[in-house]
Every structure is written in C-alpha cells, then in structure tokens.
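Undergrad: for reference, the sequence and a predicted model appear below.
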Amino acid sequence: MAKVRVFELAKEFGLTSKEMEARVRKMGFNIKNYMSTLEDFEVAEVRKLMKEAAQDVVSVGRDESPSKTVVKRKRPAVKLKKKIVLKKKVQEVKPEEPPEKVAEEVKKEMPSKPQELKKEAIVKEKPTREKEETVKEKPVKEKKISEKFEAKIIDRVVLKKETPPAPEKTEKEEKKPEPVVKVEKPSSVKKTTPEEKVVEKAVEKETVAKSVEKKPIEKEIVSKEKQKPKGKTQVQEKISKKPIKRPETKSFVKVIDRRPIEEIRPSTVKAPPKVEEKVSAPPKAPHKPGKAEVPSVQAGEMEAKETQRKGKKKGKRVVKISELEGLVRKKKAKKQKGKDKLKPINKLLSEEVIEPLEEMEQAEAFMEAPKEKPIKAKDKDKGKEKEPEKKAPSTAPPKASKRRFAIFETIQVDELAKRMGVKVSDVIMKLMSLGVMATANQSIDYDVAAIVASEYGFEVEKKAVAEDLVQVSEEEEDEANLEPRPPVVTVMGHVDHGKTTLLDAIRHADVASKEAGGITQHIGAYQVTLPSGNTVVFLDTPGHEAFTQMRARGAQVTDIVVLVVAADDGVMAQTREAIDHAKAAGVPIIVAVNKIDKPEANPDRVKTELSELGLVPEEWGGDTIFVEVSAKKKIGIEDFLELLALQAEVMELKANPNRPARGHVIEARLDKGRGPVATLLVSKGTLHKGDAIVCGLHYGKVRAMINDRGKRIDEAGPSTPVEVQGLSGVPEPGAEFVVLPDEKKAREVAEYRQRKQREAELVKSQKMSLETMFQRLQEQEVKELNIVLKTDVQGSLEAMSDALRKLSTHDVKINLVRTGIGAISESDVLLASASDAIIVGFNVRPNAQAKALAEQEKVDIRFYDVIYHAIEEIKQAMVGLLEPEYEEEIVGHAEVRQTFRVPKVGTIAGCYVLDGSIKRGAKVRLLRESVVVYTGKIASLRRFKDDVKEVASGYECGIGLENFNDIKVGDVIETFEMKEITPTLSTNETE
Ligand SMILES: Nc1nc2c(ncn2[C@@H]2O[C@H](COP(=O)(O)OP(=O)(O)OP(=O)(O)O)[C@@H](O)[C@H]2O)c(=O)[nH]1
C-alpha cells in the first residue's frame, strides 16, 4: 500500500503544500505537516472531498449567477462529451468484469479488511456527515427546486470540462474511476436494491464511482433523449430546448445524488415518465416525428407549419368562419368524407386543432366566398323566391282575381306594397303625390290605401277589425237553450239626486257614507235579491258630468235604466243626458222620483218636466213607470223593486248559460297585490275559473273570481258581476270580454287588437300632424304653441284645457293637439313629435316606452301637479316663441374729412370719430346732409396703415364701406347695433 504525502496531493490539486495541509486537516485527518503521509483510503477520501469542494464552490457560484442560459447552451456539448467518455469507460469496465463478479469481490474484500473499514468509518464520520447533509439537502432541493439543483449538477459537469485545472483533473478522474469502478460498479448495479445501507457503505465515499456507475443509466436515458433532438427539425429544437434538457438534467441529479440506490433507481426509472409529464410534446415526437410537432408548437409555428402545406392559411380563415357559421354543418360533411390523411393528425390534435385542419382541406372551396358559402345556397333559394315576388308583379301584374284584397282599417305601407306587388318606394312616392307623408313601416288608413291601390288597379275591401279574424262573432242562440236571467239595472241621474242612497236603501248597506267626498268614482255592480226572490243587478253609475262617457258605457250593458230625479230639484242637465243615453241604447226607463220626504218635494213637477222629454207616466197615459221614493227614509222602496221585477218579467230577459261566457268590463284597476283586477258583467254563458279570456286589448286566464259580496266563486252565470284576476293588463271599462278556447288564442287576439289599435293611433297622429302643417301654412303670421295635454281626471283636463286656451293671445295661439285622460302614451309622444308639440302631463306620467320614445324623439314632456305652475311655465314657453324684437342703438359717429382711392380696394374715407366709437364690422349708415345714402357694414378700419378693431372718439381713422365707394367729404358715418329686446306677451287676449 503506497503512501502519499500531503505535498504530493497538493501538487495534484495545484495547491501549495501549506494550503493542502490545512485542507487535509480541515477534512479531519490527523497530520503533522505537509510531509505527513496518508493511507490509500485516506488519499481517496481527500481526493473525493477536494473534488466535491471544488464542485460545490463552482456550482454555488454558478447557481447564484443568472447566466443559466449560457450553461444550458453548452449543455448538449458537454453531455455529449461526457457521455462519450462514460461510454468508453463503461465499455472498458463492462467487458473486463461483469458486475456480478465485481460485487462478489467487493463482498469478499469487505470482511477481509475490517480494520481498514473501521478506520474508514472513523475517518469518514465527518466527511460522510457532510455528505449526508449535502445529500439531505440535495433531495429537498431536487424536489422543491429541481431546476436549481439540476443547474448545479450540470454546472459541475460543465466546469469539470471547462475550468483551468481540467486537464489534470480529467486525467486523474479518468484514472481514478477505473479502479473504483471495478470495485463499486457491481455493488451499485446488483446490490443496490436489496441492501441499501451496505451498498451505501461500500460505495459511500466514492461519489465519482457512483457517478460513473450511474452513467450507464444516464446514458440510456440521455441516449434516448439525444436521439429525439437529433430527429427533430431546427424549429422544433428551438422550441423544445428547455423541455428536452430538463429530463437530462434530472437523470444527472439522480445519478450524482447520494441517496440510497433504491431511491435513486425508481427515480431513474420514473424519470422518463416525468419527462413525459413535463414535456408532453417531445415523447410523442419520436412516434410521429413530422406531425407530432404540431401540438407543441405555438400559434406562430402552427402557422409556419401550415404555410408549408397548401392553403393552410386559408384553412385558418375558414375555421373562423366555421366558428361563426356552419361549424356543425361542416363538421358533419367532412366527417362523412372521411379524410384518411388527416386521421393520424387528428388523433394527435384536439378537436379545435382538427377543425382547422379539416377546414383546410376545403379551403379552396371557401376561397371565393368563404363567409357566404354555407348560407349562400339557402339565400339563393330565398332570393329566388323573393325576387320574383317583388319584381314580377311590377313587370307582370297579378291576375285579375288577385287584384282585389281586403285590409283592415289601417295597413302598413310596406304591407300594402307587398300586397300589390310593387316597390315600397313607389307606394311612398304615390302617397307623397297624394299629400301623405309616410315611411315604409308607417300605417295609412283604409281610405288612403284604397286610393293608392286604385292607382295600381287594385280594389280594396274593408275588413272588420279582429272579429272575423278571431271568429268571435256573435252566434245565433237557440231558443231552447235560453234561460231567464236577472235584469241589469243602471241607476242614472243628476248629481246628488240620491242614486247611491237609493241603491244603499235597496241593498240595506250604507255605501254612500263610505264614499270619498260622497261622489261615486267608478261603476259598481251589485246583485240584489228582491223580496219576491228575483235577483236584480244594479250598476251604480257615477253622477258627475266628468264621467259621462263611462255612464254611456253603462247604458250599453244595462237592461233597465232607473232614472233618479230629486223631487225637490227636478229635471237637471244630467237627467236629460241620462235620458238620451237610455234612449240611444233602447233601454226602458223607470223613473224614481226621490226625496219625496222633503217638504219642498214636488213630484208632479218632475213628471211634467219628464213628460216634456218623452217620459210620460202611465197614469198620464204614457208607458213610463214612475215610482215615488225616499231613499233616505226608505219610503216606496218595496214598490219600486216590485215594479222593477215586473218590468224585467215583461222584458223576458233570457240568456244561454251553457256557452262560453262573454260580457263587459264594468270597471278595472291595477291592484298592488293582485295585479290587474276587472269587474266583469257576464251577459251570456257562464264564466268559469280557469277560462281563457280576451278582454279588450288584454287577455288572460281567470285565476280567481270574487262576487259582489267578496266571496270566491268558481263560475258566474248570465247577469252576474264578478271581479276577476289574471288579466295581462287593465282593460278599459266598457270593453267586451270573450272566453276563447285557450290562452294562446286569447293572446293572439289581444295582440292583434293592440297592433291594430296602435296602427289606428298612428294614422290618427299622422292626420293631425298633416293638418297642423296645413294650418300653419294658412296661418303663417300666427305663432302656435302645440300642446298634448294629458291629465289624471276629466275635471283637471277641463280646467287645464280652459286655462291653456285662455293663454292664447294675438301673437301666440295655444293649440291643444290632443287632450286626454291617463298616462302619456307612445301615441301621444309620436303626435307631439309630429306636430312639434310639447306634452303637458298633469298628475300623470309617461309609461316606459313613451318615456324612451320621448327621449329619442326629443319631445319635451312637462309634469305638473299645480295648474298655476303649468300656466306660468307655458306662458314662458309662449314668450320663447315670439320673434325677438330688436332695437337700434347708435354706437358712434364719424365725419368724413378726406377720401382716398385705393386701387383694388375702393374709396377709403379718412374720418374723425365725433362720438362713441367706430367698430370694425359694425353696421353703418352713411348720412349725407342727414339723409341716409347707404346702409351696410364697415369693411375696413385702419389707423396709420394698421387694421384696428375699434377707434374711439377724438381719433382719426380710415374707414372703408362694404360695396360702397361713393363717399364724399362731409358725409357722416353712423354706426349702430341691433339689440334684442326681451319680448313680452301682448295683453290683448283673443278671448
Ligand atoms: N232628504 C233626503 N235626502 C236624500 C234622499 N236620498 C239622498 N239624499 C241625500 O242626498 C245627498 C246625495 O245623495 P247621493 O246618494 O250621494 O246622491 P248621488 O246621486 O249618488 O250623488 P253622486 O254620487 O255625487 O252622483 C245625500 O246627502 C243624501 O243623504 C232622500 O230620499 N231624502
């Protein structure tokens, strides 16, 4: 056993003897000086530690440096060299001694040198600990920051090759591994798996040996990996640089790592799958060298690849289109085609990637009109159908049988054009020639449409609105199905003549006292059972003149009118009105002469007055029933009811209860909790809970029915007033309701009616706007302020209307374009827009659509809740409408003292400003002997060749007049301004 002195080792490592001595001491060897000798195993240990120290220093330095990329670049070269070297070594080792034999030798050797081993153990305690520590650290690093660790290891390798002492070291390394390998390789290869610790000890210090031992494994991995990049294209290499290197470095880590071999092994075995995990593309690469590159390649590369193929870019475009349009359609079509070429690619690609590729196949087909193509075919068909539809009639008129069509009371312009087979623009032109300005989607009424149609040789018939369409016309009732029904009685009369009190008396309920202000606001319906057992339905109509219209509706559904006339008051205006309504409706009247308890009551006077109006009492030879009652004192009520029943009997009121119900809306409101609630009076048939009904412009299903006593009922026969819930909206009182087979049908009818009503409103608006225009032309000198007035109640409407009309003056005329009760509707806004009107809303607001439309049309809507405020504001608006008045204000005078003729400019007057000032551009008058010879503008104003804006009095200046040169010395230039005077309304009112 040759002993090596410390200074020899120093030479070996290129250190000074003293440095080496110090290091060896640090390593834990007990030496006196650099002349001391070391045993073989000690020398090996020192060498190993020195080497590790060198590696650690370098790796740390490298790790800290951010130049990882530099290392990586060099890596492949290093690896190659390393591997080549290793390969050689392994080749050298392997043939000489098979691993098994070597292992046996190791086993034999180990027990034979117990002392040495002990020594080694003692000596190595410290170093191994150090190593263990590093080993412990390394796995952690490897797990947590494998990259970092990998870098370290790679760096070691690199540095081994690059650092200056490399030549010596490599020589020694090459020498050293050889003997060690012979000893250790078998142990590591064979015994690692079963005996970790033993092998660890056997192998322990020999890091180099280990690295050598594992290099075959590494080689396997690396060689595989190396093949990959070789097979790759340059582009791919660039892209897969990092991913490819990582697996390699990992294998290095595992090899160099000092963990038990069992740990190392599986990790080395696992390494490839890890590589696959991390870098999905490369493992696939060898299988599909050319095509497998595609998925790993980024968009740019994808494109690059695609450009290599024909029409790839086109294909891409098509993909976008397919995404938007017939993606599914194309997919199917292409799947059917079953492109075999694409199959292998498709397997590798996701669906998204496949799609473009498939699309690429048909790129050419899409080239001409890629976007339109899928749709084209259909469009063409459509176009074929449409074109002749539009054009053919213009060239070839429709058959004679087709020259006749029916329209409702309105028709949209484009619809009319379509019916006649002419261009919409032609129809619009025709309408213009008739003085009707309408766009394609505006409606014109029947009369105008008929004229236009006749121009094109068409005949137009007028269709009844809705009824014939929805087939809800009245059908003839079979006499056998009719059954007696209770009479519907409407109580009418002048205000405070006692209508409510009479009904109250009849119903034995105090309704009047509960009413706000004592005025009945809405029609109430009550079913009363008379002492005789008969039932009578009473409609309590409002007594105020504001609700005349509503009362008229009441008359439509009523069988008998009870005319209440106060005996102390006699026939009044509304009494007469009630008679007219009753007569118009052909309803018999029973006169209740009320308040006979009053001392001043004079029933005969009432009879006389009514006789004059055609209501002659029976006792006077007439046919009108007169009953003298006192609603308050409940006098004559029973007689009254008996006579009422008698009248009903005479009338033989009958209805078929076994048919779908129909009737009228008595009143309707929007209930906060229940939604739209309507009081319906069934006139025919029976209304059931769940019935689908169309009610005016609304529809719905009867969700719940409540009778006049507040009880829920499931059905309501003829002459039964019920409150129903479930309507889509609040119907207008007086509107008819009809039960339809289903809700869908009901909705259709309601929508149809709504549309028609809208059209009718639009036609109305148009007419009004045209009329307004005409009026304007006629009354050019009169300014108008057009107003659409909407109020909450009739009373306020009248009050506002009157007040506004009274605002009219000689200068400004108030024109109430429309007045009405209720919310401001779209129709109101349209009308206001068309007639340049403002909308005045008194205690009303626009609905959402109207509000939006008003914003769109820039229609001014003003809301008021106090009439005074409204009047004030409108006065202001009227003032705004007046032409501004101007007053001339003299600004200054300048005297012409000299004149100059300037070529190309004209005459310039040398002036002296007498008073005020002269401003450039100001209006001037040229006065010659106080006579105005010119009125115009100052064209130029100068002082000593300089243009100036203004020249004050006492200064001289040169003035040039616009288009005027006949300036003479002695003339006076007077400048003036027109100042606007705030207009005031003339006090002379038209009324
Ligand atoms: N003395 C007397 N007063 C009566 C009689 N009937 C009604 N009145 C009174 O006349 C006033 C008006 O009665 P209403 O029943 O509210 O009259 P109306 O016609 O319903 O009134 P409007 O709802 O406003 O149309 C009340 O103060 C009643 O008390 C009657 O027979 N005799």
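TA: Ah, there it is.

Undergrad: is it true that Arg507 touches Tyr526?
TA: Yes. Counting by Cβ atoms under 8 Å, Arg507 sits close enough to Tyr526 to count as a contact (5.8 Å). Using the backbone N, CA and C atoms, a C-beta is placed for each residue, glycine as well.

Undergrad: shared neighbours of these two, which are they?
TA: By the contact definition Cβ atoms under 8 Å, 6 or more residues apart in numbering, Arg507 and Tyr526 are jointly contacted by Phe538.

Undergrad: helix/strand/coil for Val730?
TA: Per DSSP: H, G, I helix; E, B strand; the rest coil, the local secondary structure of Val730 is coil.

Undergrad: just want to know which of Arg507 and Tyr526 has more residues nearby.
TA: Between Arg507 and Tyr526, counted using other Cβ atoms under 10 Å, Tyr526 has the larger neighbour count: 20 against 16.

Undergrad: Three-state assignment for that one, please.
TA: Using three-state DSSP, the structure places Tyr526 in strand.

Undergrad: distance of it relative to Ser719?
TA: Separation of Tyr526 from Ser719 (Cβ to Cβ, to the nearest Å): 12 Å.

Undergrad: now Leu9
TA: The value you get for Leu9 to Ser719, if Cβ to Cβ is used, is 128 Å.

Undergrad: the more surrounded of those two?
TA: Set side by side, Leu9 and Ser719 show more neighbours around Ser719, with 25 against 22, by other Cβ under 10 Å.

Undergrad: now for that one: which residues touch it?
TA: Taking Cβ under 8 Å, 6+ apart, we find Ser719 in contact with 485-488, 527, 535, 537, 653, 655, 681-683.

Undergrad: is it true that it lies in a helix?
TA: No. Ser719 sits outside any helix when classified using three-state DSSP, being coil.

Undergrad: re the thing from before, could the contacts of Ser719 go into JSON lines alongside distance to Leu434 and secondary structure?
TA: Shown next, in JSON lines, are the contacts of Ser719 (distance: Cβ to Cβ, whole Å; DSSP: H, G, I helix; E, B strand; the rest coil):
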{"residue": "Arg485", "distance to Leu434": "51", "secondary structure": "coil"}
{"residue": "Pro486", "distance to Leu434": "54", "secondary structure": "coil"}
{"residue": "Pro487", "distance to Leu434": "52", "secondary structure": "coil"}
{"residue": "Val488", "distance to Leu434": "47", "secondary structure": "strand"}
{"residue": "Gln527", "distance to Leu434": "55", "secondary structure": "strand"}
{"residue": "Thr535", "distance to Leu434": "57", "secondary structure": "strand"}
{"residue": "Val537", "distance to Leu434": "51", "secondary structure": "strand"}
{"residue": "Leu653", "distance to Leu434": "51", "secondary structure": "coil"}
{"residue": "Ala655", "distance to Leu434": "49", "secondary structure": "strand"}
{"residue": "Leu681", "distance to Leu434": "45", "secondary structure": "strand"}
{"residue": "Val682", "distance to Leu434": "47", "secondary structure": "strand"}
{"residue": "Ser683", "distance to Leu434": "43", "secondary structure": "strand"}
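
Undergrad: okay, these in CSV with pLDDT, neighbour count and distance to Thr575 next?
TA: Listed next are the contacts of Ser719 as CSV, based on pLDDT from 0 to 100; neighbours: other Cβ atoms under 10 Å; distance: Cβ to Cβ, whole Å:
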residue, pLDDT, neighbour count, distance to Thr575
Arg485, 90, 22, 29
Pro486, 89, 22, 26
Pro487, 88, 22, 22
Val488, 86, 28, 21
Gln527, 77, 19, 26
Thr535, 81, 16, 28
Val537, 85, 25, 23
Leu653, 87, 18, 25
Ala655, 88, 23, 31
Leu681, 88, 26, 24
Val682, 90, 25, 30
Ser683, 87, 19, 27
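
Undergrad: contacting residues around stretch 640-656?
TA: Contacts with stretch 640-656, where a contact means Cβ under 8 Å, 6+ apart, come from 477-478, 481-487, 489, 506, 530-532, 534, 536, 559-560, 562, 588, 590, 592, 625, 627, 629, 683-685, 718-719.

Undergrad: apply 6 Å and report the result again.
TA: The list of residues contacting stretch 640-656 from outside it, by Cβ atoms under 6 Å, 6 or more residues apart in numbering, reads 477, 481-482, 484-485, 487, 530, 532, 534, 559-560, 625, 627, 629, 684, 718.

Undergrad: show me what stretch 863-879 is in contact with.
TA: Applying Cβ under 6 Å, 6+ apart, the set of residues contacting stretch 863-879 from outside is 785, 803, 812, 841-843, 983.

Undergrad: return the members of the residues you listed classed as buried.
TA: If you count burial by 16 or more other Cβ atoms under 10 Å, the buried members of the contacts of stretch 863-879 come out as 785, 812, 841-842.

Undergrad: give me the subset of those lying in strands.
TA: Secondary structure from DSSP state E places 785, 812, 841-842 of those in strands.

Undergrad: of those residues, closest to Glu612?
TA: Phe842 (39.7 Å; Cβ to Cβ).

Undergrad: ok, the closest one to the ligand distance?
TA: Per Cβ to the nearest ligand atom, to the nearest Å, Phe842 is found 23 Å from the ligand.

Undergrad: tell me what that residue is bridged to.
TA: On the basis of DSSP bridges, Phe842 takes part in beta bridges with Thr791, Tyr864.

Undergrad: need the contacts of Ser719 in JSON lines (columns: distance to the ligand).
TA: Putting those into JSON lines (distance: Cβ to the nearest ligand atom, whole Å) gives the following:
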{"residue": "Arg485", "distance to the ligand": "26"}
{"residue": "Pro486", "distance to the ligand": "22"}
{"residue": "Pro487", "distance to the ligand": "20"}
{"residue": "Val488", "distance to the ligand": "18"}
{"residue": "Gln527", "distance to the ligand": "19"}
{"residue": "Thr535", "distance to the ligand": "22"}
{"residue": "Val537", "distance to the ligand": "18"}
{"residue": "Leu653", "distance to the ligand": "25"}
{"residue": "Ala655", "distance to the ligand": "29"}
{"residue": "Leu681", "distance to the ligand": "20"}
{"residue": "Val682", "distance to the ligand": "25"}
{"residue": "Ser683", "distance to the ligand": "25"}
